[in-house]
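# have a look at this fold, sequence not included:
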């Protein structure tokens with residue numbers, strides 16, 4: 001079938017939506033579908049204005065404009081987007097939305113107006129924007145298959161759309177690429193509890209709060225009992241560096257910056273615990289990768305991470321930052337608990353591989369076609 005994805009963000013930008021849309025599109029192309037992506041993100045060399053490039057078998061239509069900071073928005077793209085949709089006549093238009101997604105919302109409006117089957121997936125928690133979305137969408141998105149990447153995110157979408165049915169299209173990944181080597185069990189032995197966090201260093205991911213959690217845990221442990229490596233970069237890096245220096249955390253916390261996936265896998269191979277402090281985590285691809293690599297995941301309850309982490313079985317879910325600090329202290333002190341959780345995590349893989357994601361997307365496409373009538 002001919003599938004047309006619409007997303008504000010796409011490679012070469014890096015992030016959750018960008019990576020998932022690209023990977024999903026490539027997987028669908030490998031499965032034999034004719035896959036196109038309409039995006040407001042400029043190409044790797046600034047391509048824009050409707051230039052089409054092949055990206056691993058996916059035809060990417062660059063509809064962005066040259067703006068300060070290369071923002072992936074272009075209100076003037078509507079006529080060209082309409083022309084592309086009419087020319088392609090796709091079997092389904094799959095719109096990928098975040099909290100603020102003007103390009104994606106324009107694509108949804110145009111596709112509905114053209115009478116095309118439309119599926120919209122939200123990759124975010126809609127906390128704080130539900131009333132605005134209700135006004136924005138109104139009756140214009142009737143007949144659209146609504147979905148989200150997790151049950152936690154879907155709850156917000158249902159509220160925004162007055163209890164309308166909302167499906168789940170989970171983020172996918174190559175589970176085999178993250179399969180752990182060696183015997184089940186933690187790698188830390190009797191030494192320090194080796195923790196890792198992979199995140200964009202931005203306020204929404206709560207990197208500064210993570211440092212507070214670690215500082216709280218260290219105050220309850222013997223010196224050298226816990227270490228943390230943070231993988232990733234972002235606008236809060238400077239503030240985190242200053243916080244580490246000010247609070248004397250240099251011996252315990254290392255900011256590695258952005259690293260390639262092979263380096264992430266190598267880091268996970270020598271770690272015990274993955275820490276995810278974000279409260280508004282719609283899914284948590286980094287946490288899923290860590291879970292697939294056999295790490296014990298410690299995360300906030302009520303987020304999308306609960307889709308693949310079962311509290312007390314292969315990880316621990318907590319209610320607040322103080323509880324997260326206590327949990328790290330518990331894992332550093334109770335090696336039997338750490339071994340039990342790690343063993344289960346390494347022996348029982350999560351189900352969110354590409355087979356699951358592709359099937360869920362296909363089900364939404366069928367639902368979109370039925371709703372379009």
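Good, I have the coordinates. Owing to the predicted nature of the structure, the values given are computational and were not obtained by experimental measurement.
# all strands of this structure, in order?
Assigned by DSSP state E, the strands in the chain fall at 2-7, 34-39, 51-55, 58-62, 92-97, 118-122, 145-148, 166-168, 193-198, 226-231, 253-257, 273-276, 296-300, 315-318.
# pLDDT score for residue 180?
Here, the pLDDT recorded for residue 180 equals 88.
# my guess is it contacts residue 269. True?
Yes: taking contacts as Cβ atoms under 8 Å, residue 180 lies within contact range of residue 269: 7.2 Å. For the C-beta atoms, the positions are set from N, CA and C on the backbone; glycine is no exception.
# picking up where we left off before, from the strands of the chain, pick the one with the highest average neighbour count.
Ranked by mean neighbour count, the strands of the chain are led by strand 118-122 with a mean of 29 (mean count of other Cβ atoms under 10 Å).
# what are the contacting residues of the top helix by length along the chain?
For the chain, the helix reaching the highest residue count under DSSP state H is reported as helix 354-372. Contact with helix 354-372 is made by 1, 3, 23-24, 27-28, 31, 91-92, 94, 115-119, 121, 143-145, 147, 167-174, as judged by Cβ atoms under 8 Å, 6 or more residues apart in numbering.
# please repeat the previous calculation with a cut-off of 7 Å.
With contact meaning Cβ atoms under 7 Å, 6 or more residues apart in numbering, helix 354-372 is reached by 24, 27-28, 31, 92, 115-119, 143-145, 147, 167-172, 174.
# who's residue 316 bridged to?
Using DSSP bridges, the bridge partners assigned to residue 316 are residue 298.
# for residue 200, give me its contacts.
If you count contacts by Cβ under 7 Å, 6+ apart, then residue 200 has 15, 232, 234 around it.
# surely the second one and residue 258 touch.
Meaning residue 232. Yes: the pair residue 232 and residue 258 qualifies as a contact (Cβ atoms under 7 Å) at a distance of 6.1 Å.
# and the two? which has more neighbours close in?
A count of neighbours by other Cβ atoms under 10 Å puts residue 232 above the other of residue 232 and residue 258, at 21 against 15.
# check the spatially most distant residue from the centre of the chain and give its pLDDT.
In the chain, residue 222 marks the outermost C-alpha relative to the chain mean, sitting 34.9 Å out by Cα atoms, centre = their mean. In this model, residue 222 is scored at 93, pLDDT.
# rewinding a little: so residue 180 and residue 269 - more neighbours on which side?
Using other Cβ under 10 Å, the more surrounded residue of residue 180 and residue 269 is residue 180, with 19 against 14.
# spatially nearest residue to the more buried one (excluding sequence neighbours)?
Take residue 180 and drop its neighbours on the chain: the residue closest to it by Cβ to Cβ, 6 or more residues apart in numbering is residue 294, 3.6 Å away.
# the one you found and residue 344, how far apart?
From residue 294 across to residue 344, the span is 9 Å (Cβ to Cβ, to the nearest Å).
# more neighbours: these two, which one.
residue 294 (29 against 17).
# pLDDT averaged over stretch 101-109 - what is it?
92.
# scratch that, stretch 141-155
Averaging pLDDT along stretch 141-155 gives 92.
# what are the buried residues along that stretch?
Within stretch 141-155, the residues that count as buried by 16 or more other Cβ atoms under 10 Å are 141, 144-150, 152-154.
# would you map the helices across the stretch 151-300 of the chain?
Taking DSSP state H, counting those that start in this stretch to define them, one finds helices in the stretch 151-300 of the chain at 151-160, 207-219, 237-247, 261-269, 285-292.
# mind checking the ones you listed for the one nearest to residue 254?
Minimum separation from residue 254 across the helices of the stretch 151-300 of the chain (Cβ to Cβ) falls at helix 237-247, 9.0 Å.
# who's in contact with the closest one?
201, 207-208, 211, 215, 250, 253, 255.
# buried ones among these?
201, 207-208, 211, 215, 253, 255.
# show me the two of the residues you listed that sit farthest apart.
Spatial extent of those (Cβ to Cβ) is set by the pair 201 and 215 at 17.0 Å.
# and the residue lying closest to residue 174 once chain neighbours are set aside, how many neighbours?
Nearest-residue entry for residue 174: residue 354, 6.7 Å, with adjacent residues in sequence omitted and distances by Cβ to Cβ, 6+ apart. For residue 354, the neighbour count with other Cβ under 10 Å is 18.
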